[in-house]
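Could you work out the structure for the sequence below:
(2 chains)
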2 protein chains.
Amino acid sequence: MPDNGAAISELKTLLGDRLSTAQAVLHLHGENETYYDNTPPDAVAFPNTTQEVSEILKICHAHGCPVIPWGVGTSLEGHALPIRGGVTIDMINMNKMLTVAAEDLYAVVQPGITREELNTELRATGLFFPVDPGANATLGGMTATSASGTTTVRYGKMKDNVMALEVVLADGRIIRTGSKAKKSSAGYDLTRLFIGSEGTLGIITELTVKLHGQPEAISAAVCEFQDSTSAVNAVIMAVQMGLPIARVEFIDALSIKAINAYSNMTMTECPHLFMEFHGSESGVAEQVQRMKEITEEFGGGGFQWASKAEDRNKLWHARHTAYFAIKAQRPGSDGISTDVCVPISKLAQAMDETIADVEAHGWNAPIVGHVGDGNYHVLFLFDRNNPEEFALAKDLTHRMNLRALALGGTVTGEHGIGIGKMKYLEEEHGEAVNIMADIKRSFDPTGIMNPGKIVAVN
Amino acid sequence: MPDNGAAISELKTLLGDRLSTAQAVLHLHGENETYYDNTPPDAVAFPNTTQEVSEILKICHAHGCPVIPWGVGTSLEGHALPIRGGVTIDMINMNKMLTVAAEDLYAVVQPGITREELNTELRATGLFFPVDPGANATLGGMTATSASGTTTVRYGKMKDNVMALEVVLADGRIIRTGSKAKKSSAGYDLTRLFIGSEGTLGIITELTVKLHGQPEAISAAVCEFQDSTSAVNAVIMAVQMGLPIARVEFIDALSIKAINAYSNMTMTECPHLFMEFHGSESGVAEQVQRMKEITEEFGGGGFQWASKAEDRNKLWHARHTAYFAIKAQRPGSDGISTDVCVPISKLAQAMDETIADVEAHGWNAPIVGHVGDGNYHVLFLFDRNNPEEFALAKDLTHRMNLRALALGGTVTGEHGIGIGKMKYLEEEHGEAVNIMADIKRSFDPTGIMNPGKIVAVN
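Numbers count the residues shown, from 1 in each chain, chains lettered A, B, ... in the order given. Coordinates of the predicted model:
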């Protein structure tokens, strides 16, 4: 029989002030970036060390009290909502970079460090951590949700960039997975099992991540297209030709309009590609030239490129604020930020059919995408107090998911399952979901680890 | 109570001639590439379809009869030895390439196809499958052992190049993992859990693998060094500078001598790097030039490069026959082909200490390595009937493993655990091995899947 009260009382003794039941703190940890109701936990713990996380888990395990790990709360499918109550474990005090092994191109960090903090710390080393989901998420959160983002087309996703983990298990045991070597075939790959497990199998307390050398030269470029199909087809050709583009983002006309308004810019209101090229001076120049030729083949125009850091930063800042820019178009609205990924040859079709579906209902919805990976997002803005509009947003999202599956894709390229996509997991994986449930039960027999997420077990 | 006889009798009814108990067939499937005694199975099954694999598993599951998947038997740690008897499942009839999606850069293949067969099939498409462990292994075997090899420094390992799997579980259920999209965050990563599971969790019956475009230009190069430390340090610098070298293999003086004799070549008997560069014409020229400068900085000489396919093929053929060339130096001997991987900055130290250890015992042992990954192999040749020599080979291997762990590395970069490295798994992973055992029990409660490999559960 779960006894959250007894657990919290013991946690108070363990943590003192670092166990909070203040309403404001509970409310903050009940928030989410999507349309779910605020769902506060019973308490929030702020551990300082792995050993404390272990002690917290032992107490919660003994009392059957749910535990929900928390980074900065930027996830988009309700991953960190304590839907069955319990204790949220906020990792903010464990936000240090512990080691930089510059010669071996890795860093050991705590889970509460954000990607921007990490890259600031790394500045003097000439190295950087590439994965960039847009939001300034924590490394622990990015690992738990199996994040990726703008640079994944070149540098990979979290699964490619996390080498080793320290994890506290449901019963408080501390394990280490992976190694500092670039590869290993030693036993089952627990590292990649924890990546994307969304706090349902264990709590990440330390990560070893790959670093990459700052490229000798970087150029950014923007290009305008008459329609989204042409933009996407240009990307498909670039990818198929093996052009090692470092970033290639699609931003549709609606998003450009929102960004113009939000960031005080004056881009033509048409579909755009935002691109970045990394390499040697001559390599980058060659890539830019090739990409320019490809975009021209698909009617792209206004191709502009910028190698100054200031100009590049402005461009990517605009891209990263797209979500907020779009939401600002309709103040007070709620949003569903969708996330599907398809084989790249199917991307134009997937996007076109979705646009047609949206327009057939007399609506519009901005689209942005990490198109080099076949990954795109639609942001549906709606008034939650308008049941028809809410239902339509959910229906369109539903069909977008099924369309991705029908085209051989996945219902989530990078946002994860959380509570929002649980119903699609079986649709996508069939019988394999029962195996996932077996794994969940094996790791977490009492069901305290972020219960009700990814896969239903009780 | 296991009843292999009853299982085999039912399998005979199911498969007819494709279930063999002929001594020659059993002997062949009891062989291995290392020093273990021939250990024949009780029978060998040759399924034609996934459905048949499922039927076989159901029968074996019902009777508690061990099943051992078999590719072409090139693994190096006794992975495919039926040490508890049972039925070996030879996947040779399931060796087709099923689909090539050239525009999406993937192929769907059956597990029995070898990497050379796959690349021959792909020739007309302009695409290739890069992972190259040396041996002409099957894709199923390479997945099961989490293989990598000469091109991993640029194109990644099996874990990076397998997108999706079809797997038959212990009880005959058929599941599909992953998707055809380039990335997914949908649930636990079962694909990577099966990669490297060595047949202990399920039998792979279909794979979706990434393909890569044939580069516009390829150059190979060789360079001579006065000592192994200098060669390794040149590689370390190239990797740290981010030079996108496609292959960089270290071959020591003893191996060069053996290759000269075996392949009728006349290389200087000193440490060499064999390299390959992929890219555009100008990109490759730039890479070659930079690498030449780096090697010169470390006293490298005789830098020669070849862009003709014929010359390149000769070089890589020589590299790939190194194992046999070395064994031919001492006909009738047995060999231990070791495999450790360390953070690259520790590679020179790891190799130097190993060489010193070998020489301190008045012995010599050739070393080759995928040095760009920090991965190296020593081949100990010994006479199994000489207990002292056999013990020394095992002692030296033992210390090489502990040395790799002490330097933050792994006891296997690419060969896997099999039976040869089980005792080091806990040394490397500690408490996490208990979690691996839990996973094993969850997937295979009756313990029929390649029992006695990776992790001990009963």
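
what's the distance between the most centrally placed residue in chain A and A:Ser307?
Most central in chain A under C-alpha atoms, centre = their mean is A:Ala147, positioned 3.7 Å from the mean C-alpha point. Separation of A:Ala147 from A:Ser307 (C-beta to C-beta, to the nearest Å) stands at 28 Å. C-beta: built from backbone N, CA, C; applies to glycine.

just A:Asn119 next, same as before
From A:Asn119 to A:Ser307 the distance is 20 Å (C-beta to C-beta).

Pull out the buried positions in the top helix by length along chain A.
In terms of residue count, the longest helix belonging to chain A (DSSP state H) is helix A:387-406. Of the residues in helix A:387-406, those with enough neighbours to count as buried (16 or more other C-beta atoms under 10 Å in any protein chain shown) are A:Glu389, A:Phe390, A:Leu392, A:Ala393, A:Leu396, A:Thr397, A:Met400, A:Asn401, A:Arg403, A:Ala404, A:Leu405.

who's in contact with the first one?
A:Glu389 makes contacts with A:Phe382, A:Asp383, as judged by C-beta atoms under 8 Å, 6 or more residues apart in numbering or on different chains.

again, but for the third one
Applying C-beta under 8 Å, 6+ apart, one finds that A:Leu392 lies in contact with A:His361, A:Trp363, A:Phe382.

pLDDT wise, what is the second one at?
So that's A:Trp363. At A:Trp363, the pLDDT value in this model is 93.

which one is it nearest to, not counting chain neighbours?
Excluding its sequence neighbours, the residue lying closest to A:Trp363 (C-beta to C-beta, 6 or more residues apart in numbering or on different chains) is A:Leu392, at 6.9 Å.

what about the one you found, distance to chain B?
25 Å (C-beta to the nearest C-beta, to the nearest Å).

Kindly report the same for A:Asn119.
In terms of C-beta to the nearest C-beta, A:Asn119 sits 17 Å off from chain B.

try A:Gly78
On the measure of C-beta to the nearest C-beta, A:Gly78 and chain B end up 14 Å apart.

do the same with A:Gly213
Distance, A:Gly213 to chain B, by C-beta to the nearest C-beta: 4 Å.

How about A:Pro215?
From A:Pro215 to chain B the distance is 7 Å (C-beta to the nearest C-beta).

try A:Ala348
The value you get for A:Ala348 to chain B, if C-beta to the nearest C-beta is used, is 11 Å.

A:Asn95 now?
From A:Asn95 across to chain B, the span is 23 Å (C-beta to the nearest C-beta).

got a list of what that residue touches?
A:Gln110, A:Pro111, A:Gly112, A:Ile113, A:Thr114, A:Glu117, A:Thr138.

Check which element follows the host helix or strand of A:Thr205 along the chain.
Secondary structure from DSSP states H and E places A:Thr205 in strand A:203-210. Downstream of strand A:203-210, the first helix or strand assigned by DSSP H and E is strand A:212-213.

Next secondary structure element downstream of that following strand?
strand A:217-224.

and that following strand, which strands flank it?
Strand pairing for strand A:217-224, using DSSP bridges, gives strand A:272-279 (antiparallel), strand A:301-306 (antiparallel).

contact partners of it?
Under C-beta under 8 Å, 6+ apart, the answer for strand A:217-224 is A:231, A:234, A:246-247, A:267-268, A:270-281, A:283-285, A:287-288, A:291-292, A:295, A:300-307, A:309, A:311-312, A:315-316.

contact partners of the helix or strand just after it?
Note on strand A:217-224: by DSSP H and E, the next helix or strand toward the C-terminus is helix A:228-240. With contact meaning C-beta under 8 Å, 6+ apart, helix A:228-240 is reached by A:153, A:223, A:225, A:245, A:248, A:250, A:252, A:271-273, A:290-291, A:294-295, A:297-300, A:344-345, A:347-348, A:351-352, A:355, A:367, A:371-372, B:103, B:105, B:213.

In strands, which of those fall?
Among the contacts of helix A:228-240, the members found in strands (DSSP state E) are A:Cys223, A:Val248, A:Phe250, A:His272, A:Leu273, A:Ile367, B:Gly213.

Tell me how many other residues crowd the fourth one.
The reference is to A:His272. 26 (other C-beta atoms under 10 Å in any protein chain shown).

What of the second one?
A count of nearby residues for A:Val248, using other C-beta under 10 Å, gives 27.

doesn't A:Leu273 make contact with it?
Yes. Counting by C-beta atoms under 8 Å, A:Val248 does reach A:Leu273; the two are 6.1 Å apart.

Would you mind listing the residues touching both of the two?
Joint contacts of A:Val248 and A:Leu273 (C-beta under 8 Å, 6+ apart) are A:Val235, A:Val371.

who does the nearest residue to A:His272 once chain neighbours are set aside bridge with?
Distances taken as C-beta to C-beta, 6+ apart place A:Ile251 nearest to A:His272, at 4.8 Å, with adjacent residues excluded. Beta-bridge partners recorded for A:Ile251 (DSSP bridges): A:His272, A:Val368.

so A:Ile251 makes contact with A:Glu269?
No. If you go by C-beta under 8 Å, A:Ile251 and A:Glu269 don't touch, sitting 10.7 Å apart.

Who has more neighbours out of those two?
More crowded of A:Ile251 and A:Glu269, by other C-beta under 10 Å: A:Ile251, with 26 against 16.

Which residues are in contact with the more buried one?
Shown in contact with A:Ile251 (C-beta under 8 Å, 6+ apart): A:Ile259, A:Pro271, A:His272, A:Leu273, A:Phe274, A:Arg319, A:Ala322, A:Val368.

and with 10 Å instead?
By C-beta atoms under 10 Å, 6 or more residues apart in numbering or on different chains, A:Ile251 lies in contact with A:222, A:228, A:231, A:258-259, A:267, A:270-274, A:318-319, A:322, A:366-369, A:371.

Which residue comes closest to A:His361 once chain neighbours are left out?
A:Leu392 (6.0 Å).

and the gap between that neighbour and A:Ala360?
A:Leu392 is 11 Å from A:Ala360, by C-beta to C-beta.

Equivalent analysis for A:Ile256, please.
In terms of C-beta to C-beta, A:Ile256 sits 23 Å off from A:Ala360.

Surely A:Met142 touches A:Glu116?
No. Using C-beta atoms under 10 Å, A:Met142 is not in contact with A:Glu116; the gap is 11.9 Å.

what touches both of those two?
The contact lists of A:Met142 and A:Glu116 share A:Phe129, A:Asp132, A:Ala135, where a contact means C-beta under 10 Å, 6+ apart.

Low-confidence ranges, chain A, go.
Within chain A, the segments meeting pLDDT under 70 span A:458.

Surely A:Tyr319 is in contact with A:Val248?
Not Tyr; residue A:319 is Arg. No. Taking contacts as C-beta under 10 Å, A:Arg319 lies outside contact range of A:Val248: 11.2 Å.

circling back to that earlier point, can you check which residues contact both of A:Ile251 and A:Glu269?
A:Ala258, A:Ile259.

Return the list of strands paired to whichever strand or helix holds A:Phe380, each annotated with direction.
Assigned by DSSP H and E, A:Phe380 belongs to strand A:375-382. With DSSP bridges as the test, strand A:375-382 is paired with strand A:334-337 (antiparallel), strand A:340-341 (antiparallel), strand A:367-370 (antiparallel).
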